[in-house]
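1. Fold the following.
(one chain, ligands or ions: 1)
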Amino acid sequence: MTTILLTGFAPFAGDATNPSGDAVRRVAARWDGPETLVTEVLPVVFDAADERLRALIATHRPDVVIAVGLAGGRAALTPERVAINLADARIADNAGAQPLDRPVVEGGPAAYFATLPVKAIAAALTDAGLPATVSHSAGTFVCNHVMYAALHATADTPEVRTGFVHVPYAREDAPADAPSLPLDDIVRGLEIAIRAAVDTPVEAAVPGGALH
Ligand code: PCA
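-> Prediction:
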């Protein structure tokens, strides 16, 4: 039986909602398999978020791990290609921690590539009429931290596909002038990303890099 671990995040930075957590709850509520779906909304706290995600991976031994977070300001659904071994927080996390130029994992590799088929996921999203593009930076805050920690935790099990998808603000709750997508589209996008991750054993060989 295939098991998928899908996580979102709680609100942070003074926002009342976080579309990643809201969308993950909705995906869970209407999931009808055939795979087993495990979901969780993680705290936006450096140490607690990655500890919790590692515990979920150890307990459920998922075949696919997709962590999801908000990238306020982005207009598209963005599967992340790279997680870097750096925590450098511009704002404090929800527990008041604000790490400065700290590694996520002491002595760990400088970066991990996602083991999810990110180009295939972006293509599947685009085919479904949703704005999507592969991103080459998950930032240096809690999302990158969690993505790095998840890839580190699954580095010795290469058959596990692990990665991260950043989503825009939900239209229903977006600040004025911020790009956004209806929450329903974000939910549909995550379902499509899961399906592509499960069904695509080999990454799509299509151009998808960035010029800058
Ligand atoms: N976005 C933040 C942390 C939690 C979230 O949803 C980030 O991109 O790091």
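2. for the protein, what spans make up the strands?
-> Remark: strands assigned in the chain by DSSP state E are 3-9, 36-42, 64-70, 78-79, 82-84, 111-113, 161-167, 169-170, 180-181.
3. Most distant residue from the centre of this structure?
-> Residue farthest from the centre of the chain, counting by CA atoms, centre = their mean, is A176 at 24.4 Å.
4. interface residues of this protein facing the ligand?
-> Residues of the chain lying close to the ligand by CB under 6 Å from any ligand atom are F9, F12, N18, S20, V44, G69, L70, A71, G139, F141, V142, C143. (Glycine included, C-beta is placed from N, CA and C.)
5. What sits closest to the fifth one if chain neighbours are left out?
-> Yep, that's V44 we're talking about. Excluding its sequence neighbours, the residue lying closest to V44 (CB to CB, 6 or more residues apart in numbering) is F12, at 3.8 Å.
6. so where is the chain shaky, pLDDT-wise?
-> Within the chain, not a single segment meets pLDDT under 70.
7. buried set for the longest helix along it?
-> Using DSSP state H to define each element, the chain has its longest helix at helix 183-199. The neighbour-count check on helix 183-199 (16 or more other CB atoms under 10 Å) flags 183, 185-194, 196-198 as buried.
8. For L70, list the residues it contacts.
-> The contact partners of L70, by CB atoms under 8 Å, 6 or more residues apart in numbering, come to F9, D15, N18, P19, S20, H166, V167, P168, Y169.
9. Now the two most distant members of the residues you listed.
-> D15 and H166 (14.8 Å; CB to CB).
10. what about those two, which has more around it?
-> H166 (24 against 16; other CB atoms under 10 Å).
11. quick one, what contacts that one?
-> Residues in contact with H166 (CB under 8 Å, 6+ apart) are V68, G69, L70, A71, R74, L77, T78, E80, S135, A138, C143.
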